[in-house]
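Asks: Take a look and give me a structure for this.
(one chain, ligands or ions: 1)
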Amino acid sequence: MYHTPAHKQPIPKPARDPFFDPMVRTVNRNLVKYAAGSAIFCPFCSEIMDAKRTVVLSAGSITKVVCARCWDTNLKPLIKPETLARCEVLDGRVLWSKKG
Ligand SMILES: [Zn+2]
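Replies: Here you go, the predicted structure:
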């Protein structure tokens, strides 16, 4: 049986992080914009929401929208890392960052 020599086999493309896919990024940005606009105020500190400083936490059908400051100080430290790994976190600061 004939086998393709190793040097002639196609080079597999490196796995692409879907987070930085332009379309996924646009969809996630609009999702965070919508969530921030719907919430208007942060439920913890009553600060007016800004999409670029908003964090959307989703776990199954439950969604929580908080400002980035409350996420860093109040909410994230309370969640166990293994629980956080099962949640989807959309951080406006990351979505609107320059890189990617
Ligand atoms: Zn807040």
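Asks: Could you use CA atoms for every contact and neighbour count after this?
Replies: Fine.
Asks: what's the following helix or strand after the helix or strand harbouring V24?
Replies: Here V24, judged by DSSP states H and E, is contained in helix 22-39. Note on helix 22-39: by DSSP H and E, the next helix or strand toward the C-terminus is strand 54-59.
Asks: which residues does P5 contact?
Replies: Taking C-alpha atoms under 8 Å, 6 or more residues apart in numbering, we find P5 in contact with no residue.
Asks: Mind pulling the model confidence for it?
Replies: The model reports P5 with a pLDDT of 78.
Asks: who does the residue most central in space within the chain bridge with?
Replies: The centre of the chain sits closest to L90, judged by C-alpha atoms, centre = their mean, with a distance of 2.8 Å. Beta-bridge partners for L90, by DSSP bridges, are V56.
Asks: And the pLDDT at it?
Replies: At L90, the model reports a pLDDT of 94.
Asks: who in this protein is up against the ion?
Replies: Applying C-alpha under 5 Å from the ion, one finds that the chain approaches the ion through 42, 44-45, 67, 70.
Asks: Now render these as JSON lines, adding pLDDT and neighbour count.
Replies: Formatted as JSON lines, these follow (pLDDT from 0 to 100; neighbours: other C-alpha atoms under 10 Å):
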{"residue": "C42", "pLDDT": "96", "neighbour count": "19"}
{"residue": "F44", "pLDDT": "94", "neighbour count": "14"}
{"residue": "C45", "pLDDT": "95", "neighbour count": "11"}
{"residue": "C67", "pLDDT": "96", "neighbour count": "26"}
{"residue": "C70", "pLDDT": "96", "neighbour count": "17"}
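Asks: if we can go back for a sec, how far away is the residue nearest to the centre of the chain from P5?
Replies: L90 sits 44 Å away from P5, going by C-alpha to C-alpha, to the nearest Å.
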